[in-house]
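[1] model this:
(one chain, ligands or ions: 1)
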Amino acid sequence: MATVSTGLELRDLSHRFAERMVVDHLNLSIAPGEICCLLGPSGCGKTTTLRIVAGLESIQSGTVSLDGEVIASPGHELPPERRRIGMVFPDYALFPPLPVQENVAFGLQRQRDREARALGLLQRLHVDHLASQFPHRLSGGEQQRVALARALAPEPRAMLLDEPFANLDARLRAEVRDDTLAMLQGQGTATLMVTHDPAEALRMADRLAIMQNGKLEQIGPPDEVFSHPANRFCAEFLSEFSVLEGQCEAAGEVVAGPFRLSATAETPGSRLDVLVRPEALCFRAGPGEAGAKVVRVRNLGPMILIDDKVGPEEVPVRGHWGDARRPRAGDLVGATLVPEKVFVFARKTP
Ligand code: ATP
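    Here you go, the predicted structure:
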């Protein structure tokens, strides 16, 4: 029977360890060729979700389907090797007695060109010089790339990646990551990738899924999730930020330190937290909306972040530098807020 490629679907997935709900009614569909990044704080249930989909953890409630076929539901579980799902988990699980190339070719038993294909993947991941080595002789980053090659080799219908580039230095990481994800997109593999790096997820994902306490808080394209976070947790999770204490003074008008902005939903008198990401606050030489004093300058590639003290009460707040001449600690500068890039929430009670 021919199968139709519809991708990977997790429906109403829940999982408990003892009494604790670790995955809580999770719904997620990933289309063929789509890269979905799963992000969330440590312990929120990301790895457990991947392990259930892979068949390494027995499913308790809900269903997992691949290309329309149910591969896991309570009482019906295909063994991991029959799911047509590739996986790279932090333990790599390479076969110790097999040389690297044999590890990669292992899943291609019936293919005539298995050795050549294995070598080709090792080349793309820059580890072909290790083809005849045994896994225990390899560094963590080398083992990680061999595990990636092995998972990619059979062109699986779905791929599960748990921090798959974590052990690589920044330059190699970018190259291996871009190449791997392009291969997965090109061969129409539905990919679910766990990463702890929001910047990487924002750059690489077709869709982001943000998880907290076993529940998905928001799913959507990176731009949408970044610019329109569903709640405070999502806004805080995706980038660094400073908080200015604010107050709604008149209907729709919020005062936060030296700044005024509009926030139509707020009622007069309510005490607010105004979340300011560095790109929402621009410091320049000369006057701005408010005066500020540079406390510290940090160089982060194209953006210079400066810690500043804004307003008469001297609130520390981080923004970016918008002038050519680099500022120095102690400089008096102007600060301007980009109102559409700040987020207003009810004050958090400590
Ligand atoms: P991290 O980002 O740190 O890898 P995670 O989001 O992947 O975390 P999980 O590994 O899914 O989180 O774990 C979710 C929770 O379930 C954690 O509190 C963890 O301690 C617990 N847990 C995981 N596996 C088991 C197990 N086999 N038995 C009992 N509790 C477990």
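
[2] the ligand contacts on this protein?
    Selection of the chain residues close to the ligand by CB under 6 Å from any ligand atom yields 17, 22, 40, 42, 43, 44, 45, 46, 47, 48. Every C-beta, even on glycine, is put in place using the N, C-alpha and C of the backbone.

[3] among the residues you listed, which lie within helices?
    Counting by DSSP state H, the residues of the chain next to the ligand place 46, 47, 48 in helices.

[4] pLDDT score assigned to the last one?
    In other words, residue 48. Confidence at residue 48, expressed as pLDDT, is 97.

[5] now swap in residue 101 and tell me
    pLDDT at residue 101 comes out at 95.

[6] my read is it is in a helix, agree?
    Yes. Read with DSSP: H, G, I helix; E, B strand; the rest coil, residue 101 is one of the residues of a helix.

[7] what's near enough to touch it?
    By CB atoms under 8 Å, 6 or more residues apart in numbering, the contact set of residue 101 is 115, 118, 119, 122, 131, 132.

[8] residue 174: which of the residues you listed is nearest?
    Nearest to residue 174, judged by CB to CB, of those is residue 122 at 19.1 Å.

[9] excluding its backbone neighbours, what's nearest the closest one?
    With sequence-adjacent residues excluded and distances taken as CB to CB, 6 or more residues apart in numbering, residue 122 is closest to residue 128, at 4.1 Å.

[10] give me the number of residues near that neighbour?
    16 (other CB atoms under 10 Å).

[11] surely it touches residue 119?
    Yes. The criterion here is CB atoms under 8 Å, and residue 128 meets it with residue 119 at 6.0 Å.

[12] just curious, which of the contacts of residue 101 is nearest to residue 248?
    Closest to residue 248, out of all of the contacts of residue 101 and judged by CB to CB, is residue 122, at 60.1 Å.

[13] let me know the pLDDT of the closest one.
    96.

[14] mind saving the C-alpha coords of the host helix or strand of it as CSV?
    Using DSSP states H and E, residue 122 sits in helix 114-124. Extracted in CSV, the C-alpha atoms of helix 114-124 (Å, rounded to 0.1, in the frame of the first residue of the first chain):
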residue,chain,number,x,y,z
ARG,A,114,25.7,1.7,0.9
GLU,A,115,29.4,2.2,1.3
ALA,A,116,29.5,5.1,-1.1
ARG,A,117,26.5,6.7,0.4
ALA,A,118,27.9,6.4,3.9
LEU,A,119,31.2,7.9,2.8
GLY,A,120,29.4,10.8,1.0
LEU,A,121,27.5,11.7,4.2
LEU,A,122,30.7,11.5,6.3
GLN,A,123,32.3,13.9,3.7
ARG,A,124,29.4,16.4,4.0
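
[15] what is it packed up against?
    In terms of contacts (3 or more CB pairs under 8 Å, 6 or more residues apart in numbering; DSSP states H and E), helix 114-124 is packed against helix 100-105, helix 140-152.

[16] how about it: buried residues?
    Neighbour counts over helix 114-124 (16 or more other CB atoms under 10 Å) mark 114, 117, 118, 119, 121, 122, 124 as buried.

[17] quick check: residue 201 is in a strand.
    No. Under three-state DSSP, residue 201 falls outside any strand and is assigned helix.

[18] contacts only, for it.
    37, 39, 193, 195, 208, 222.

[19] picking up where we left off before, make TSV out of the residues of the chain next to the ligand and add distance to residue 274 and neighbour count.
    As requested, these are exported to TSV (distance: CB to CB, whole Å; neighbours: other CB atoms under 10 Å):
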residue	distance to residue 274	neighbour count
17	38	12
22	34	19
40	24	22
42	28	7
43	29	11
44	26	21
45	31	25
46	30	25
47	35	20
48	35	18
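
[20] quick check: the two most widely separated of those?
    Between any two of those (CB to CB), the greatest distance is 16.6 Å, for 17 and 40.

[21] what about stretch 88-108, distance to the chain center?
    Stretch 88-108 sits 26 Å away from the centroid of its parent chain (CA atoms, centre = their mean, to the nearest Å).

[22] quick check: phi and psi at residue 247.
    phi -150, psi 140 (degrees, to the nearest 10).

[23] any idea how far it lies from the ligand?
    Distance of residue 247 to the ligand, given as CB to the nearest ligand atom, to the nearest Å: 37 Å.

[24] neighbours of that residue, just the number please.
    16.

[25] in this structure it contacts residue 271, no?
    Yes. Using CB under 8 Å, residue 247 and residue 271 qualify as a contacting pair, with a distance of 5.8 Å.
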